[in-house]
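J.: Sequence and computational prediction follow.
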Amino acid sequence: MTKATERGGILAILALIFANVALAFGPLFVRMADTGPVSAGFWRLTLALPVLVLIALQRREPLHGYRASIWWMLVLSGVAFALDLASWNFGIERTKLANSTLFGNMGSVMLVVYGFIISRAWPHKAELGAVGLAVLGAGLLMGSSYELDIRNLVGDLFCLLAGVLYVVYLLSIRHIRGEMGSWSVLVWSTVFGIAPMLAIAALLGEPVWPTDWTPVLLLALVCQLFGQGLMVYAVSHFSPVVLGIALLSQPAIAAVIGWQAFGETLSVNDTIGMIAIGAALVLVRLPEARRAARLAASPPAP
């Protein structure tokens, strides 16, 4: 278990769980919005920004005075997140709710592989089993929806691109999270994402100004403030392997939301896929739990 995980403990685990639950509601709110999908993402960032700034100031997290390399990583995180949201929101309206979340998080497989590479260690059997279960579960969810309607393909591809961009975002904030507070990171990644989102919405000719503010306010509150706030906090407390598999829990949550909100049928494959992903999340934690137990049982060094 890493020192970061030891510091976070149960709080970090709860943050990771609730972050993924909150973020899984994003596609629902985008569909509800009467703006264009990319415009909804613009409001998600814009409406959340003043609150993020107030929270960062209240927690006395500095918002300036960073090294040049930190600023470049903040710009990268903001632009990557904006492109991720734009691609994902565009795809959300062209595929099933579960699909959009599934493909939006398929970059998590890249995150898992990245975790094994940087650790320079062959994965434990439990970790290999977890990856296999997660991929199997994702494949079942993907295969089920593809059989239902080939028209989902365009939306799936945009959501898949979003998944890759989200990995760039996560890795960039993980790189600087040790030197900045979680709220100051979120403030600047939000700031640098607003202009690209508005520019893309304008290029697509989308309606920007909403007549019903409820969906975009929910996007800002639930997804950006609560979901991304918890994710930025949790990201430095876990290995990329754990983060990657945790992201795959979102399609299961979104499948249930789509079933309840839009009557998107849950097939047997959907159900098995969700169970497999849930089992993977438990399995991937076993090596860390065993290491922690060995550390606790070993006598202190003289």
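T.: Received it, and whenever you're ready, just let me know what you need.

J.: Using the three-state scheme, assign Thr35.
T.: Per DSSP: H, G, I helix; E, B strand; the rest coil, the secondary structure class of Thr35 is coil.

J.: Excluding sequence neighbours, find me the nearest residue to it.
T.: Pro210 (4.9 Å; Cβ to Cβ, 6 or more residues apart in numbering). (C-beta placed from N, C-alpha, C; glycine too.)

J.: Give me the distance between the most centrally placed residue in the chain and Leu49.
T.: The structure's the chain has its C-alpha centroid closest to Leu247; by Cα atoms, centre = their mean the separation is 5.9 Å. Leu247 sits at a distance of 24 Å from Leu49 (criterion: Cβ to Cβ, to the nearest Å).

J.: Backbone dihedrals for Ile13, both of them.
T.: When read as degrees, to the nearest 10, the backbone of Ile13 gives phi -60, psi -50.

J.: That one: neighbour count?
T.: 17 (other Cβ atoms under 10 Å).

J.: do you know how far it is from Ala246?
T.: With Cβ to Cβ as the criterion, Ile13 and Ala246 are 10 Å apart.

J.: Next: Met180.
T.: In terms of Cβ to Cβ, Met180 sits 22 Å off from Ala246.

J.: Of those two, which one has the most company?
T.: Taking other Cβ under 10 Å, Met180 and Ala246 do not tie; Ala246 has more neighbours (26 against 22).

J.: Can you list the low-confidence ranges for the stretch 151-300 of the chain?
T.: 151-152, 240-241, 244-245, 248-249, 251-252, 255, 259-266, 274, 277-278, 281-300 (pLDDT under 70).

J.: ranges for the helices of it?
T.: Ranges of helices within the stretch 151-300 of the chain are 152-176, 182-203, 214-218, 229-234, 240-247, 249-262, 268-283, 286-297, based on DSSP state H, counting those that start in this stretch.

J.: Nearest approach to Ala22 belongs to which of the ones you listed?
T.: Closest approach to Ala22 among these is made by helix 229-234 (7.0 Å; Cβ to Cβ).

J.: The closest one: how far from the chain's middle?
T.: In terms of Cα atoms, centre = their mean, to the nearest Å, the centre of helix 229-234 is set 10 Å apart from its chain centre.
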